[in-house]
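K.L.:
Sequence first, then the predicted structure, then my questions.
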Amino acid sequence: MNRLIIAVIGVSIVACSRQQQLVEATPLPPGPPPSIDHAASLSQYGYDAVLWQHASAEAYRLQQQGYELARLRLVENLRIAHKRPPAVIVDIDETVLDNSPYQVNTSADGHVFDQATWKEWTDRSKAAAIPGAVEFLTYAHGLGCHIYYITNRDIREKATTLKNLDSLHFPNADEQHLLLMDGTSDKTERRTRVANDNQVVLLVGDQLRDFDERFKDRTVRDGKNTVDAMADTLARYFILLPNPMYGTYRDAVQGKGTDEDKRHNMIDWFKRNRN
């Protein structure tokens, strides 16, 4: 046999042997997976969600994609003749305005949402626009749609919210088209007010409750049954944007108690659902 061929075979055998040794030197650890960190603060349970929302190209692309789909649905729905003027309803936070910097800051400080620090953030009127939001709403307004902003920001945040929207050139950024929370987080009555004078052709939000309050109930399959029951209507009239940082899905697990109560509820949920 040619000496060169023999040499090559020899090197290959040695390389394979070394590779096998490396694999055998790093086996998976025996026993059950690591236990839940009971000492973790409530804020630490949200680290991955905040990181993903603020920094990932995946979140950025999903936001763009959501508004691309919104254009298609809007055009389809405007083909139907309506007697009342068409309107698009959008949520604000994580739908048209990006508040992930606030979440980053609170997480970095080891804290969670607090109304006082939240108002300090909204008072700055510096939230950036969600990718695709300004362009889509400008497009919808150009097609004759009224744009309504229905948000659960507090009524005391009206002036700074309008300032933020106007600085980013969102259409219809005025008091008539901004409906804030005044007593209840249920948006049904505010949506009805808009629908009384307009034909609502599309809604956009980061929570299913931005479309229908029935999605607050997560007792059966975490609300997935309601999604299935309303699948056709959701597909045609609602665009859902990503937001793992907060929302009904977390509230259903954490409850409404103290931060310590919420932390224990999170730990209990993971214990119950581990395999």
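P.N.:
Structure received.

K.L.:
confidence score at the nearest residue to R84 once chain neighbours are set aside?
P.N.:
Nearest residue to R84, sequence neighbours excluded (Cβ to Cβ, 6 or more residues apart in numbering): Q199, at 4.5 Å. In short, each C-beta sits where N, CA and C put it, glycine included. If you check Q199, the pLDDT there is 98.

K.L.:
just use 41 as the starting number from now, easier for me
P.N.:
Shifting the count to begin at 41 puts that one at Q239.

K.L.:
For Q239, which residues count as its bridge partners?
P.N.:
P126 (DSSP bridges).

K.L.:
wait, isn't it in contact with V128?
P.N.:
No. Q239 lies out of contact with V128 (Cβ atoms under 8 Å); the separation is 10.5 Å.

K.L.:
Compare these two (neighbour count), which wins?
P.N.:
Neighbours were counted for Q239 and for V128 using other Cβ atoms under 10 Å; V128 has more, 27 against 18.

K.L.:
Before we go further, that one is sitting in a strand, right?
P.N.:
Yes. Judged by DSSP: H, G, I helix; E, B strand; the rest coil, V128 forms part of a strand.

K.L.:
Hmm, it is touching A180, no?
P.N.:
Yes. Counting by Cβ under 8 Å, V128 does reach A180; the two are 4.9 Å apart.

K.L.:
Common neighbours of those two, please.
P.N.:
114, 187, 242 (Cβ atoms under 8 Å, 6 or more residues apart in numbering).

K.L.:
got the angle between whichever strand or helix holds the first one and strand 126-130?
P.N.:
Remark: L114 resides in helix 97-118, with elements defined by DSSP states H and E. Angle between the axes of helix 97-118 and strand 126-130 is 160 degrees (criterion: axes from the mean of the first three to the mean of the last three Cα atoms, to 10 degrees).

K.L.:
excluding its backbone neighbours, what's nearest L109?
P.N.:
I279 is the one closest to L109 (Cβ to Cβ, 6+ apart), at 5.9 Å.

K.L.:
Before we move on, what's the pLDDT of that neighbour?
P.N.:
98.

K.L.:
Which stretches in the stretch 91-240 of the chain count as helices?
P.N.:
97-118, 140-148, 155-163, 173-182, 198-207, 228-237 (DSSP state H, counting those that start in this stretch).
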